[in-house]
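A.B. asks: 3D, please:
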Amino acid sequence: MERHAEVLARSAADMTGVLSVDADVLERTSRSIVRAAACVADVDHVGFALALRGQFVAQPTTDPVVEELDGLQASSGAGPGVEVVRGSGTLDVPDLAAVPRYAGLAEAAARHGVRGVLAVALTAHDGVLGVLTLYTRSTIGAAGRALADALAPQATVALFGAQRIAGLARAVTSRDVIGQAKGVLMHRDGVDDETAFGMLVEASQTTNIKLVDVAAWLVAQATTGTAPDTDTATTDGAPPLPAPDRVRPTQARQGTGRGGTRR
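C.D. replies: The predicted model follows:
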């Protein structure tokens, strides 16, 4: 029990120590969660996946075994981690080969000498946030399972906090980019703040592209003189972005703003 207490204390310090408001907070937190889980007895490889809209989304790793096995679970939609994402709690599979529905995963795991998987859900009040997939060449005993279950609440709190921090960082960045884009339009078209924002909203609605993406596109064009090809779709599959000189107010909005007469 002393060893468990030491592991839990160290992991708590590690997970909270990586939290800060920046774009990399989720990546750092996932690495700290993996480090903590690697302390579980009889675990040979640790995978970490996010639960996004009920889907098992494997996270980047430097472990090629985890990359293959977690990736296979994600692509095939079959495996202990996938099932935990759709439910909750812990799923212990001592022998993958003994479960017919895991045949593909068992075959791939056997090539690396991996026999079993302990999948542990990181569950918050509103559902599963992520899952740890602990791969073993032997069997994870009762002590290991107890430690994994004890680590899960710590990891859940850290992940919940990291996701909220990442959302805050994105919100701050979005606000700044939109502010810059409004400045571009106010200077370019001689409009006031409200009209500039309306132009961005209208372009977003017309093209079905997120407001912040339209704003970022305008800022990039204004600062570098170049922007993405208007015939190229955005990374999330949305329609092509509008050229900056097409982001104009409607005829009804034309008039005089704080910056002067519209042209």
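
A.B. asks: is Ala58 in a bridge, and if so with what?
C.D. replies: Under the criterion DSSP bridges, Ala58 forms beta bridges with Ala49.

A.B. asks: Could you measure from it over to Met186?
C.D. replies: 44 Å (CB to CB, to the nearest Å). C-beta: built from backbone N, CA, C; applies to glycine.

A.B. asks: do the same with Ala121
C.D. replies: 49 Å.

A.B. asks: Which one's more surrounded, these two?
C.D. replies: Ala121 (24 against 20; other CB atoms under 10 Å).

A.B. asks: In terms of helices and strands, where is the more buried one?
C.D. replies: Assessed by DSSP states H and E, Ala121 sits inside strand 116-124.

A.B. asks: mind listing what's buried in that strand?
C.D. replies: 116-123 (16 or more other CB atoms under 10 Å).

A.B. asks: What mean pLDDT does it get?
C.D. replies: In this model, strand 116-124 has a mean pLDDT of 94.

A.B. asks: Over to stretch 196-213?
C.D. replies: For stretch 196-213, the per-residue pLDDT averages 82.

A.B. asks: so how far is it off the chain centroid?
C.D. replies: 24 Å (CA atoms, centre = their mean, to the nearest Å).

A.B. asks: quick one on the thing from earlier: please name every helix or strand in contact with the following helix or strand past the strand holding Ala121.
C.D. replies: Next along the chain after strand 116-124, taking DSSP H and E as the criterion, comes strand 127-136. Of the remaining helices and strands, those touching strand 127-136 by 3 or more CB pairs under 8 Å, 6 or more residues apart in numbering; DSSP states H and E are helix 25-37, strand 45-52, helix 64-76, helix 80-86, strand 116-124, helix 142-189.

A.B. asks: Provide the strand pairings for strand 127-136, with the direction of each partner.
C.D. replies: strand 45-52 (antiparallel), strand 116-124 (antiparallel).

A.B. asks: For Thr195, which of these is the nearest?
C.D. replies: When the strands paired with strand 127-136 are compared by CB to CB, strand 45-52 sits nearest Thr195, at 37.3 Å.

A.B. asks: What are the buried residues along that closest one?
C.D. replies: Buried, per 16+ other CB under 10 Å, within strand 45-52: 45-51.

A.B. asks: still on that earlier bit, including distance to Val25, could the strands paired with strand 127-136 go into CSV?
C.D. replies: Converted to CSV, the strands paired with strand 127-136 look like this (distance: least, CB to CB, whole Å):
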stretch, distance to Val25
strand 45-52, 14
strand 116-124, 16
